[in-house]
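**Student:** predicted structure and sequence below. I'll ask about it afterward.
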Amino acid sequence: MIDFIIMIGNMILAYSIALLFAYGIPVIQLVKIVRGFKQGGDIKQKMRDTVLQIKVSTLIVIVYLPIALFIGGMATDAPSSTMVQFWQGFFLMAGIPLLCLLLSTIKLVMQYFTKQNIKKELIKEGEL
């Protein structure tokens, strides 16, 4: 009986660690990206940070893509399943990493146009 309880405890611990890695890493990345949307600070440093976030988000998407395809495929295992179940299973795993990549790209584009506007204003004022 003790061995059974230890085995169940180990399974719960293993699943907890797996869920922590499966959802913890992308959520932490998502929080960093959202915090980077605030205004102010050095625009060049922010752009470097954003490019790094895009690289990390792309790496996370590449790692999670096979897992998401597998889970999406397993969701359509039943004969009555449709493509909706596939996409639900796919986005269960890959939704947060894809959101990270999308937000990082949007942030980089916004920073690029902000940098261009700052340059135009400085040229107008004759400071550059």
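**Tutor:** Looks like it arrived, so ask away.
**Student:** residues touching Val63, list them.
**Tutor:** With CB atoms under 8 Å, 6 or more residues apart in numbering as the criterion, no residue contacts Val63. Backbone N, C-alpha and C define where each C-beta goes, glycine included.
**Student:** after the helix or strand hosting it, next one along is what?
**Tutor:** Using DSSP states H and E, Val63 sits in helix 43-75. The helix or strand immediately downstream of helix 43-75 is helix 83-125, counting by DSSP H and E.
**Student:** quick one: mean pLDDT over stretch 43-57.
**Tutor:** Averaging pLDDT along stretch 43-57 gives 88.
**Student:** hang on, the earlier thing: flag every buried residue along the helix holding Val63.
**Tutor:** By 16 or more other CB atoms under 10 Å, the buried positions in helix 43-75 come out as 46-47, 49-50, 53-54, 56-57, 60-61, 64, 68, 71-72, 75.
**Student:** how about stretch 95-105?
**Tutor:** For stretch 95-105, burial by neighbour count (16+ other CB under 10 Å) applies to Ile96, Pro97, Leu98, Leu99, Cys100, Leu101, Leu103, Ser104.
**Student:** which residues touch the residue nearest to Ala94 when sequence neighbours are not counted?
**Tutor:** Leaving aside its sequence neighbours, Ala94 sits nearest to Ala68 (CB to CB, 6 or more residues apart in numbering; 3.6 Å). Ala68 is in contact with Gly89, Phe90, Phe91, Leu92, Met93, Ala94, counting by CB under 8 Å, 6+ apart.
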